[in-house]
Structures are given as C-alpha cells and as structure tokens.
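Undergrad: have a look; sequence and predicted model below, questions after that.
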Amino acid sequence: MTAAENVCYTLINVPMDSEPPSEISLKNDLEKGDVKSKTEALKKVIIMILNGEKLPGLLMTIIRFVLPLQDHTIKKLLLVFWEIVPKTTPDGRLLQEMILVCDAYRKDLQHPNEFIRGSTLRFLCKLKEAELLEPLMPAIRACLEHRHSYVRRNAVLAIYTIYRNFEHLIPDAPELIHDFLVNEKDASCKRNAFMMLIHADQDRALDYLSTCIDQVQTFGDILQLVIVELIYKVCHANPSERARFIRCIYNLLQSSSPAVKYEAAGTLVTLSSAPTAIKAAAQCYIDLIIKESDNNVKLIVLDRLVELKEHPAHERVLQDLVMDILRVLSTPDLEVRKKTLQLALDLVSSRNVEELVIVLKKEVIKTNNVTEHEDTDKYRQLLVRTLHSCSVRFPDMAANVIPVLMEFLSDTNEAAAADVLEFVREAIQRFDNLRPLIVEKMLEVFHAIKSVKIYRGALWILGEYCSTKEDIQSVMTEVRRSLGEIPIVESEIRKEAGELKPEEEVTVGPVQKLVTEMGTYATQSALSSSRPAKKEEDRPPLRGFLLDGDFFVAASLATTLTKIALRYVSLLQEKKKQNSFVAEAMLLMATILHLGKSSLPKKPITDDDVDRISLCLKVLSECSPLMNDIFNKECRQSLSHMLSAKLEEEKLSQKKESEKRNVMVQPDDPISFMQLTAKNEMNSKEDQFQLSLLAAMGNTQRKEAADPLASKLNKVTQLTGFSDPVYAEAYVHVNQYDIVLDVLVVNQTSDTLQNCTLELATLGDLKLVEKPSPLTLAPHDFANIKANVKVASTENGIIFGNIVYDVSGAASDRNCVVLSDIHIDIMDYIQPASCTDAEFRQMWAEFEWENKVTVNTNIVDLNEYLQHILKSTNMKCLTPEKALSGYCGFMAANLYARSIFGEDALANVSIEKPIHLGPDAPVTGHIRIRAKSQGMALSLGDKINLSQKKTSL
C-alpha cells in the first residue's frame, strides 16, 4: 500500500478543559433525554472513545434508544461512533450486537432521503469487517440505480473500496461499474466509475475510452483529468499504445479547463519528443500563462517552459516561440517578468534577436514616464540588462539599442541610469564603429543628467573617447554650460550681496509674539522682502553639485579636462590655440579649488580631491610625454582588461551551463530499444503522477538520500533519557514552510498511562498549528504523535516542551517528563543566489543588522576555508575566481544567499594567513554578515561559528 492509500479516520477536536463525564450520567442522557441532550451525550461518548476509554456498557443503550431516531445530526454522529467503536470481542470475533446495527444500516440504505443514503455509503467505505458488509451488498447494488447523483457516486466509491478490500463479496464489480458507466450521464458519477476502472480493471477502462474517444472534448473537466491520468499510466507501462492515444491528448490541449490543459501538455511532453508535440505543449503553456490571473500559476507554468528548454532537442523548437513567450511581459508582476526575460535571453539566437530587440525597445519606451506601479523602475533595469546582454552577444544590434537607451541617462532613477551607463561604457570600448554615434548622443543628453554618479560616469566617457577637435570643443562648451558663470566664488558672492536691491519693496507688518519651547516669549521681526527667492533648480547641474559639497565630481572633471587638453594639444599645431585651451581647463580647475576652500559649499572639499585637482593642474602646466601616456592610454587599457576579464567569466559560466545540459554518451553505452524493453524495466521509470502526489504530501525522496549520512536516522532527535518512564524521540521533517514532527512515545513502565499528552512550545518565528490530542498508553506500549509547526522567517527556531500523563489507579498529581530542545536548522531555508556588485553594495548599505564573526578554525589554507564556509552556509561567492586566484596571504570575498521567504543575506569574508607564525598557522580574520532582520544575521553567524569549529583537518 502506497503512502497515498493510507486510511484516514475522522478526527474530532477535543476541548482540553472539559471534565470527563461519568458513564451513568451519559447512559441516563442517552435513554431519557430529548434529541438535543442525546446529541450532546453522543458527542461526549465519541470523544471518550477517541481518548482510549472502552465504555462497553453503553453499546446496547445506543442501539436501543439512539439508533431508531430519524434526526439527521444524530445519524451523522452515529456514523462516526460506529467507525471508531470496537466491533469485535478480545478473541477477534464480531460482537453479537453488531447484527442489529447491520440491519439498521440496511434500512438506511433504502431510506427515501438521499443524504442519509449517500452518507451511509460513505461510511461503508471505512468499514473493515466483511461479515458486516455481506448482508448489505444487495442494498448497495440497488443504490447504483437511485435517481439522485449524490447516492450513485457514493455507491460507486463504496463498491470500489469493498472490491479492493474484500473482492469475494462483489467479484463482478468491474463489469457492473462498466455497464453503469456506459449508461451514466452525470459527470461526477462517471468520474468516480472511471477512476475505479483505472485501478481495478484497466482493460475495461481502455475499452470504454476507445468507444468514446471522439467525444472526450465534450466531457466535464473532472473526467478529462482522469482520462489524462489513464493515458499517461497506460503509455508509461506500455509504450506501444502511444499512437492510439496521442491524438486524444492533442485534443485535450484545447479543453476549456486550465487544469486539463496543463496536465495534457505535461503528459504530451513525456509521451513524445517530436517537435510538433513540444511546440503544441509549449504553446499551451504560454496561453495558460497569459490567460491565468494568478501570479503563482504563471510562475509554475514558466518553470515548466524552463524545464523544456533544458532539453537540448527541445531548445530549438522553443526558439521559434520567443515572440510568444514575450507576450507574458504584459503581466505587471516583476517576478514573472524577470523569469520571462531570463527565458527569452536563454533562447535568443541570430534568427530571432532582431525581433526580440524591437519588442524590448518598445517595452523600455513604455516604461518612460510611467509611475503608476512601484516596480516600473526595477522593470526598466531588467529590460536594460537584457538589451545589454543581447548587444554583447550580437554586436550588430548595439547600434539600434544605444540611441533609445541613452535617453534614460537623464532618468531620475539612478539604478536604471547606472545600468545604461555601464552598457554604454562597454559598447564604446568594444565597438569602434559606434564611438561617434555614442559621443554625439552623450553630448545631447549631458546637460539633462540629474544624478551626480551618472554625471561622473558620463564625464569619464566623454573625456576618454572624444578624439576630434570638434568633439573636444563640444565637451568644453558643455562643461562651461554646466558650470555656469566663472569665477564661481565671485559670481556667488555678487549674487548674495545683490540679494536686497533698492528697487525692491520693503514692508513692515505687525510684530508677532511667539512662545518658545521653554514657555518664554520671543519677538519676530516682520521686515520682509518681496523679492522672490532664486530657486535651487535654476543653478546649472555641475554648479549645484559643487555647492552641495560633492567635490568628488570635481576630481573626475579635472581628470577629464586634463585628458581632453592633452589630446587637443597633440591634435592642433597652433601654439596660441593650444595655450588658450589648456589655460581655460586650468582656470576651471583653479576656480573649483577656490570654491572648495571658501565657505560657500555646504561641505568643504576633501584633501583627496584637492590633491587630485592639484596633480591635474601640475600635469597640464608641464605637459610631459609620460603623463600623456598615463592619462590617454593606460586608463583605457585598464578598462579593456576589466571588460575582457568579465567577458571571460561569463563565457566560462555559459560553458559550464552547456556542459551540464549536454548529454554525454559513451561509445560503448548500450542502446535502449523501446520495443525490446522488458515490462519490469519500463516500470522502473518514475511515474509523474505518483511523484507529484508524494511531493504534495511532503514525502519526496531527496537525491541526497543516497548518502548514508543524509538518511532519515540523521534527523532523529532523542527527546528523553532511556531511564525515563516515558521515552520519546522525534523525526524532524522540514518541508519548506512547515515542519512535521513525528514523535515516537514509548511507555517504559508496567502501568497504563492515561491522558498522555505531548505539550509543545516554540521560540523564534515558529507557530504550532494544533495541539496533539491525548493518548492512553498500555504497559510497554508505544505510539506515534504528529505535530505540525509553521515557519514564517529564516532564523534559528527552537521547539521545546514536555510529556504529561496520569497513572491509572494512582491518586497522585499528573506526572511530567521534560523534553530536550529541538533546534531547527536554518540551512533548510537558505539557497545560493546571485546579484550584481551594485545591488550587493546597495543592500550592504541599506541592511541595518550586522553580525561580526571572528574566524576560529584549524584550516590552514585560505581558499579551503572559503570553500568550507560556502559549503556549510549554502551561500554563493560573488567574487570572480580570477580575483581569488594567486596567493598573497590575504583574501576578501563577498557571499550572497537568499531564503525561501525572499530574505537576503550578505557576507564579507576578510581573512589572512599569518605567515610570521609559520606554515601550519591557521587562517585568521573576520566574517561580517548583514541582513534585514536580526534573526537572519544572528542565525547565520551561529551557523558559521558552529561549522568552523567542527572542521577536521
């Protein structure tokens, strides 16, 4: 019996504080009370039996005084009572009284009310005594012809469970149900009957399907889903049947039910790898994503498309559907858009890149000046990065993309503008033919740039790549325009001094009395000027940055002016013009230095910036060839080295990805012929329906289970000692958002333990879903108690508690055994993730919780220590391998991970090898962890502390 077929009994909530009533009072209520008191008494009896009480004296009372009643509530409660009450004597024979019960149920199966008939049939599914069922068989058969569908569908279920458990009671069940199915019109009854035939007699189910295969599209969705399951199972077990049913699956792709379409597409992909089948399934998935409103559904179906893409043979088929996949971008959810763009980028090829770029350009333009959605800026960033990747892979596209993107350099959103700038920098370095176009566009948008960081980058690009006299003059013009009137200090002082001019009106109003915070009076002058204050926005951009005290941009400007002045001197032979241009550049730098030293800016200039500007002034005054080389050649070479290293890194990661996906076949591998495969070998393949059912129940076998250390025993926690009266141990099963504790409780005494209760409490972001119900344990008996705990965030959780019980016959108070704590491992929720350097720095600045962990290990190699930390924390190293290679006695690396709850965790490893202590000295240093929540930062720190101490050499 599989996990899916385990018996499920009716569970009833027990009020913990209620006092158990006596048997005499219950008997009295059941005999002489009215319907309401009988109902209450029956409920109490059920709860007591569930708690382990036997109550044999009440059996006859209930048969005599409660069973004949026609009240529906009582009839429903009686069904529960007969399900849980012991029906046999200690030697295993059926109790005599059950004959009377059997007769009562035979009458209920012929009752005119369909609810009573249907609920009785449902109850019979749970009976496990063949002697009780045998007299009821004619009545159950008769229910198949009842006028009401509720009775008929429950009759089918009852016949199915009886046939499965006691085939001798109804040997002709498959034939009976097949005949019933042929004549049945109701969808739910047909579904139950068909389901029974699938499991009881597959050949009859196939015969029925063959007769109505052309009408499958007209069936209800619940029946269509069962048909998809049957076709999958039949073709899975017997591949030669594929041709017979594949047309039916194609038809079901057109079903009106999204669930049927999804299952049919999934089944079609497993049955056939023909390009037409893959295309039909992928098209069906894309339609589902576009039509379904739920974002979770969209993400799940997108995952299916990503899985299809992983197969090398299917990738080419999906490349033709890239334009259809891009229709998903109409969804406002950022996560869906992110996944869609990633999929489209993976599928892009020289055949479809042009169309892809056109769509992405339209999407970028759409996001311009749209502020109704908070994710618009992030979406624009995603689009810019996607276009960047396309242009790097297909250089011909860059010329189309750059003019559109450069409009966004003046964007108020600094992150999107920074991405555009990074893209432009790479493009201008790699594609020589695009340099004039980029410089021209950059000069057009230069004056509109609002962010100082983008301004600095734009200055650098213009200074580095302006190579003609006209361009250099244009840059100087733009800089002068952006700086305003010079000298800056004098013009600003004149502006300040000329604030109150004689022609302006001066008015004197009534004097106001104001009360200060201390309660004293203060007088405010009412002398006011009617001259409107000059707005801050009227200042030219660069002047505004400098007056705000941001002199780093001034250092960048000095470098740019030096580069273009040196280049201008080499381009032009006229001494007069050379000197004029250099003098203008030096004047700009000198006026900025003067401004920095004055009291006008909000913050004074830093020494670093003074040094940089002074150095540039000195270089321009001397104009030595060495400095010319450094400024005009070495800088560009540094950029070139950085971009080539980055490109190499990307190529390496792509190569690794493709190696993963490439199926390696050895020359001497045996060839598998479907027709020659033995049936038992075919069954060894994984059944998707069984896998998905197990996954939903949280019973998935993880791949790591092959490792003996990762077996279930590794997750068993001992809760009490072996000498305690009650021994307990728990298996902790973590299934994403919930934890299931399977606690084994063993009574080690010779007494019966009553009301044995597992009491649990949690610490951290854990929540106990329900209290486990009390048990009665016989001497040396054992039982399993399950408890569910919900997890809300990533932090170390602790579950603690005790077991309390009464000893039967003892007059003492309740006994208590305290349990050991169960620590929930944070690693079950953390997954490696990647982000850009800019995002890492931004998060590092934003996150307020920092945990500094001192390295305390016995590992002597820096790289080995880093790998050990990555393995024990599930984090990903963002620092490229090239930066970590070589040996210098120091190492710094950035790590990043994400929890399943969407929380980010950052870490910076800064370690060194103390060479003066000898070659065997262990690694020293610090690891700084940053997270948004305190729990995440502390938990990750604890994990690192524990794992680094455990390391064995």
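TA: Here it is on my side, so go on.
Undergrad: just for the stretch 601-750 of the chain, where's the confidence low?
TA: Within the stretch 601-750 of the chain, the segments meeting pLDDT under 70 span 628-629, 632, 636, 649-651, 653-666, 668-669, 671-712, 736.
Undergrad: over to the stretch 851-953 of the chain?
TA: The stretch 851-953 of the chain contains residues with pLDDT under 70 at 949-953.
Undergrad: quick one: contacts for the closest residue to residue 89 other than its chain neighbours?
TA: Nearest in space to residue 89, with sequence neighbours left out and distances taken as Cβ to Cβ, 6 or more residues apart in numbering, is residue 95 at 6.2 Å. Yep, even glycine has a C-beta here, placed from its N, CA and C like the rest. Residues near residue 95 by Cβ atoms under 8 Å, 6 or more residues apart in numbering: 59, 87, 88, 89.
Undergrad: ditto for residue 42
TA: Contacts of residue 42 by Cβ under 8 Å, 6+ apart are 30, 62, 66, 74, 77, 78, 81.
Undergrad: for it, give me the pLDDT.
TA: For residue 42, the pLDDT comes out at 88.
Undergrad: next: residue 528.
TA: Residue 528 is assigned a pLDDT of 40 by the prediction.
Undergrad: so where does the nearest residue to residue 407 once chain neighbours are set aside fall, helix or strand?
TA: Nearest non-adjacent residue to residue 407, counting by Cβ to Cβ, 6+ apart: residue 445, 6.7 Å away. In this structure, residue 445 sits in helix 435-445 according to DSSP states H and E.
Undergrad: got it, and residue 578?
TA: Short version, using DSSP H and E: residue 578 is in helix 575-597.
Undergrad: who does that helix touch, helix- and strand-wise?
TA: If you count contacts as 3 or more Cβ pairs under 8 Å, 6 or more residues apart in numbering; DSSP states H and E, helix 575-597 packs onto helix 469-483, helix 488-497, helix 541-547, helix 552-571, helix 607-622.
Undergrad: check which element follows the helix holding residue 445 along the chain.
TA: helix 452-465.
Undergrad: what's the mean pLDDT across that following helix?
TA: 84.
Undergrad: which other residues reach that helix?
TA: With Cβ under 8 Å, 6+ apart, helix 452-465 has contacts from 409, 414, 417-418, 421, 424-425, 428, 435, 438-439, 442-443, 446, 449, 475, 478, 541-542, 545, 550, 552-553, 556-557, 559-561, 563-564, 635-636, 639.
Undergrad: repeat that for stretch 480-490.
TA: So stretch 480-490 is contacted by 446-447, 491, 539-543, 546, 587-588, 591-592, 594-595, 598, 600 (Cβ under 8 Å, 6+ apart).
Undergrad: buried set for it?
TA: 482, 483, 484, 486, 488, 489 (16 or more other Cβ atoms under 10 Å).
Undergrad: how far does it stretch from one end to the other?
TA: 16 Å (Cα to Cα, to the nearest Å).
Undergrad: and that stretch, what's its mean pLDDT?
TA: 77.
Undergrad: ok now it, how far from the chain's centre?
TA: 52 Å (Cα atoms, centre = their mean, to the nearest Å).
Undergrad: can you put the helices and strands packed on helix 575-597 in CSV and add distance to residue 579?
TA: Shown next, in CSV, are the helices and strands packed on helix 575-597 (distance: least, Cβ to Cβ, whole Å):
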stretch, distance to residue 579
helix 469-483, 14
helix 488-497, 23
helix 541-547, 24
helix 552-571, 9
helix 607-622, 11
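Undergrad: residue 86 contacts residue 53, doesn't it?
TA: No. Residue 86 lies out of contact with residue 53 (Cβ atoms under 8 Å); the separation is 10.9 Å.
Undergrad: more crowded one of these two?
TA: residue 53 (15 against 12; other Cβ atoms under 10 Å).
Undergrad: from residue 66, how far off is that one?
TA: As defined by Cβ to Cβ, to the nearest Å, residue 53 lies at a distance of 18 Å from residue 66.
Undergrad: name the SS class of residue 755, please.
TA: Following DSSP: H, G, I helix; E, B strand; the rest coil, residue 755 is assigned to strand.
Undergrad: now residue 807. Its backbone dihedrals?
TA: Phi and psi for residue 807, reported as degrees, to the nearest 10, are phi -100, psi 130.
Undergrad: just confirm it contacts residue 747, I think it does.
TA: No. Contact status for residue 807 versus residue 747: not in contact, 10.3 Å apart, counting by Cβ under 8 Å.
Undergrad: okay, the two: which has more neighbours?
TA: Using other Cβ under 10 Å as the criterion, residue 807 and residue 747 rank with residue 747 on top: 22 against 15.
Undergrad: in contact with that one, which residues?
TA: Counted by Cβ under 8 Å, 6+ apart, residue 747 has contacts 725, 726, 753, 756, 777, 778, 779, 780, 781, 782.
Undergrad: make it 10 Å
TA: 725-727, 753, 756, 775-783, 805 (Cβ atoms under 10 Å, 6 or more residues apart in numbering).
Undergrad: what residue spans form the domains of this structure?
TA: Annotated domains of the chain cover 347-445, 446-495+538-634, 711-823, 826-945 [the TED database].
Undergrad: of the ones you listed, give the one that comes closest to residue 47.
TA: With respect to residue 47, and counting by Cβ to Cβ, the nearest of these is domain 711-823 at 9.5 Å.
Undergrad: among the domains of the chain, which comes closest to residue 163?
TA: Using Cβ to Cβ, these put domain 711-823 closest to residue 163, at 30.2 Å.
Undergrad: so the closest residue to residue 908 other than its chain neighbours bridges to which residues?
TA: Among residues not flanking residue 908 along the chain, residue 928 sits closest, at 4.8 Å (Cβ to Cβ, 6+ apart). For residue 928, the beta-bridge partners are residue 852, residue 908 (DSSP bridges).
Undergrad: distance of residue 928 relative to residue 844?
TA: 9 Å.
Undergrad: now do residue 340
TA: When residue 340 is compared with residue 844 (using Cβ to Cβ), they lie 29 Å apart.
Undergrad: quick one, which of these two is more surrounded?
TA: residue 340 (23 against 14).
Undergrad: is the more buried one in contact with residue 298, as I believe?
TA: Yes. With contact defined as Cβ atoms under 10 Å, residue 340 counts as touching residue 298 (8.9 Å).
Undergrad: shared neighbours of the two, which are they?
TA: 289, 328, 331.
Undergrad: coming back round to it: buried ones in the helix holding residue 445?
TA: For helix 435-445, a neighbour-count test (16+ other Cβ under 10 Å) marks 435, 437, 438, 439, 441, 442, 443 as buried.
Undergrad: got the contact list for the second one?
TA: To tie it back to what came earlier, the one meant is residue 437. 398, 399, 402, 403, 406, 427, 428, 431.
Undergrad: let me know the pLDDT of the fourth one.
TA: Translated: residue 403. On the pLDDT scale, residue 403 is placed at 78.
Undergrad: repeat that for the second one.
TA: The predicted local distance difference test score for residue 399 is 79.
Undergrad: tell me the SS of it?
TA: helix.
Undergrad: what about the spatially closest residue to it that is not a sequence neighbour, neighbour count?
TA: Closest residue to residue 399 apart from its sequence neighbours, by Cβ to Cβ, 6+ apart: residue 434 at 5.9 Å. Neighbour count for residue 434, taken as other Cβ under 10 Å: 18.
Undergrad: go on, residue 879?
TA: Counted with other Cβ under 10 Å, residue 879 comes out at 16.
Undergrad: wait, it touches residue 895, no?
TA: Yes. Judged on Cβ under 10 Å, residue 879 makes contact with residue 895 at a distance of 8.4 Å.
Undergrad: can you select the buried ones from the contacts of stretch 480-490 in ChimeraX?
TA: Of the contacts of stretch 480-490, the buried ones go into a single ChimeraX selection, burial set by 16+ other Cβ under 10 Å:
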select :446,539,541,542,543,546,588,591,592,594,595,600
